[in-house]
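>>> curious how this folds, go ahead:
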Amino acid sequence: MKFGIIRERKNPPDKRVVLSPKACQKVLKTYNKAEIVVEPSLIRAYEDNAYSDLGITVANEMDQCDVLLGVKEVPIDALIPNKKYFFFSHTIKKQPYNRDLLRAILEKNIELYDHEVITNKQEQRVVAFGRYAGIVGAYNGFRTYGLKYDIFQLPKANDLPDQQALIEALKKLELPNIKVLLTGRGRVGNGAREMLDGMGMKRVNVTEYLEETFNEPVYCQIDAGEYNKRKDGVRGNKANFFAHPEEYKSNFFRFAKVTDFYIAGHFYGQGAPYLFTREDAKQKDFKIRVVADVSCDIDGPVASTIRPSTIADPIYGYDPETESEADFKNEHVIAVMAIDNLPCELPRDASEGFGDAFIKNVIPAFFNGDKDGVLNRARMTKDGKLTERFSYLKDYIS
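Coordinates of the predicted model:
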């Protein structure tokens, strides 16, 4: 089995890679029938010689490989027919901007495996960058807070080498006695919590957060059960919420009345209530003035997120009164950080974490006959057709 590590060609450039040099070395040591070829790249977080120095072939020979591994979408003109590809295709939610990409994949008889749908037997995702989105998102949120109030200046995450350097920078901050709210307990939310704990911020429970004042900065991490409640007044729970989101309404405003800085790290499902609406943000007792929206659902559950921002230009302002963009430094304006590709700012850490998961959960399937069905569940296309599991995309590509 010959694996090819493809060069990322999407703009803006992405420095991440599925397998780092050490990860490639680990695969080759573990599986004597595995071969790896790395396509040369000038933008990758690891230079070509980092691979070649470990004896890994670096060459323009992707057409000779069986399985091609990438991160972002491959441009249509760069797709090699009749190959197996792994990358984030951003098509499973029928994203209109990638309809032609999926059509081309079918026309070129490509077998597509989307990282987003690689799951275990329990249908849980096993390879993802979410943790790193949470790590960088939390850091960028504090950077945004400092810039909005002109009280400190943090370097861009992009300019620091790794997560520990981000934590060390946060440790040096002298923050006012603010309350920080974090939604979500999945990969993203817990990645953000690593940063809050790493910098030594005190964590408090919901009752303390809502009712007490503190002489130091504190944070509270909440999940769907705490910011939603059943419409009929019956006590709900997280499982019931995910099964029947339409039976719930938001209970978030009680947090918005005491929160200075909000980190959105939750998963938002179709039919679920918005956390806060544009009308909520207009209320006099709505206190939030800095939002780090890691989840980045546009015009969705976090009303101030009206567009994604970028690594180059990470912050914009949302004026609740006019429901439009404004200078984020204005007192009544909410400063919004909503970068939609946050792990790109920590490409080495993100690549290493992703590669570890890929080696553990995916690579074995190529050598054990896919005994756990990992490849079968993630295979979106085969023989020029959608697989049964993804047949719901037929109208999307027609």
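>>> from Ala256, how far off is Asp223?
Look at Asp223 and Ala256: by Cβ to Cβ, to the nearest Å, they are 17 Å apart. No exception for glycine: its C-beta is placed from N, CA and C like everyone else's.
>>> strands along the stretch 1-150 of the chain, start to end?
2-5, 35-38, 57-58, 67-69, 84-87, 111-114 (DSSP state E, counting those that start in this stretch).
>>> JSON lines for the ones you listed, including mean neighbour count, mean pLDDT and distance to Val290?
Shown next, in JSON lines, are the strands of the stretch 1-150 of the chain (neighbours: other Cβ atoms under 10 Å; pLDDT from 0 to 100; distance: least, Cβ to Cβ, whole Å):
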{"stretch": "strand 2-5", "mean neighbour count": "23", "mean pLDDT": "98", "distance to Val290": "38"}
{"stretch": "strand 35-38", "mean neighbour count": "22", "mean pLDDT": "98", "distance to Val290": "41"}
{"stretch": "strand 57-58", "mean neighbour count": "16", "mean pLDDT": "98", "distance to Val290": "44"}
{"stretch": "strand 67-69", "mean neighbour count": "22", "mean pLDDT": "98", "distance to Val290": "37"}
{"stretch": "strand 84-87", "mean neighbour count": "22", "mean pLDDT": "98", "distance to Val290": "34"}
{"stretch": "strand 111-114", "mean neighbour count": "21", "mean pLDDT": "98", "distance to Val290": "34"}
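>>> among the ones you listed, which is nearest Ser398?
Set against Ser398 and scored by Cβ to Cβ, these come closest in strand 111-114, at 17.5 Å.
>>> between the two ends of stretch 13-27, how far is it?
Chord length of stretch 13-27, first to last residue, is 26 Å (Cα to Cα, to the nearest Å).
>>> what residues does it touch?
With Cβ atoms under 8 Å, 6 or more residues apart in numbering as the test, stretch 13-27 has contacts from 3, 5, 8, 34, 36, 38, 43-46, 50-51, 53-56, 69-72, 86, 129, 341, 343-344, 347-348, 350-352, 354-356, 358-359, 363.
>>> how about that stretch: buried residues?
14-21, 23-27 (16 or more other Cβ atoms under 10 Å).
>>> now it: mean pLDDT?
If you average the pLDDT over stretch 13-27, you get 97.
>>> could you dump the buried residues of stretch 13-27 to JSON lines with distance to Gly134?
Shown next, in JSON lines, are the buried residues of stretch 13-27 (distance: Cβ to Cβ, whole Å):
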{"residue": "Asp14", "distance to Gly134": "18"}
{"residue": "Lys15", "distance to Gly134": "19"}
{"residue": "Arg16", "distance to Gly134": "16"}
{"residue": "Val17", "distance to Gly134": "20"}
{"residue": "Val18", "distance to Gly134": "20"}
{"residue": "Leu19", "distance to Gly134": "23"}
{"residue": "Ser20", "distance to Gly134": "21"}
{"residue": "Pro21", "distance to Gly134": "26"}
{"residue": "Ala23", "distance to Gly134": "22"}
{"residue": "Cys24", "distance to Gly134": "27"}
{"residue": "Gln25", "distance to Gly134": "28"}
{"residue": "Lys26", "distance to Gly134": "26"}
{"residue": "Val27", "distance to Gly134": "27"}
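>>> now, those residues that are in helices?
21, 23-27 (DSSP state H).
>>> ok, of those residues, which one's closest to Gly373?
Nearest member of these to Gly373, counting by Cβ to Cβ, is Val27, at 20.9 Å.
>>> against Val374, how distant is that closest one?
For Val27, the distance to Val374 - Cβ to Cβ - is 16 Å.
>>> give me the number of residues near Glu247?
16 (other Cβ atoms under 10 Å).
>>> does Glu35 really touch Gly55, like I thought?
No. In this structure, Glu35 is not within contact of Gly55 by Cβ atoms under 8 Å, at 11.7 Å.
>>> okay but Glu325 is in contact with Asp313, surely?
No. Glu325 lies out of contact with Asp313 (Cβ under 8 Å); the separation is 11.9 Å.
>>> and the two? which has more neighbours close in?
Taking neighbours as other Cβ under 10 Å, Glu325 and Asp313 compare with Glu325 leading, 14 against 8.
>>> name the residues linked to the more buried one by a beta bridge.
Beta-bridge partners for Glu325, by DSSP bridges, are Tyr318.
>>> what residues are up against it?
For Glu325, the contacting residues are 306, 316-319, by Cβ under 8 Å, 6+ apart.
>>> most surrounded residue in those residues?
Result: Tyr318 is most packed of these (other Cβ under 10 Å), 24 neighbours.
>>> residue contacts, it?
By Cβ under 8 Å, 6+ apart, Tyr318 lies in contact with 281, 291, 303-306, 324-326, 333-334, 336.
>>> buried ones in the helix or strand bottoming out on mean pLDDT in the chain?
Lowest on mean pLDDT, DSSP states H and E among the helices and strands of the chain sits helix 238-243, with a mean of 87. For helix 238-243, burial by neighbour count (16+ other Cβ under 10 Å) applies to 240-241.
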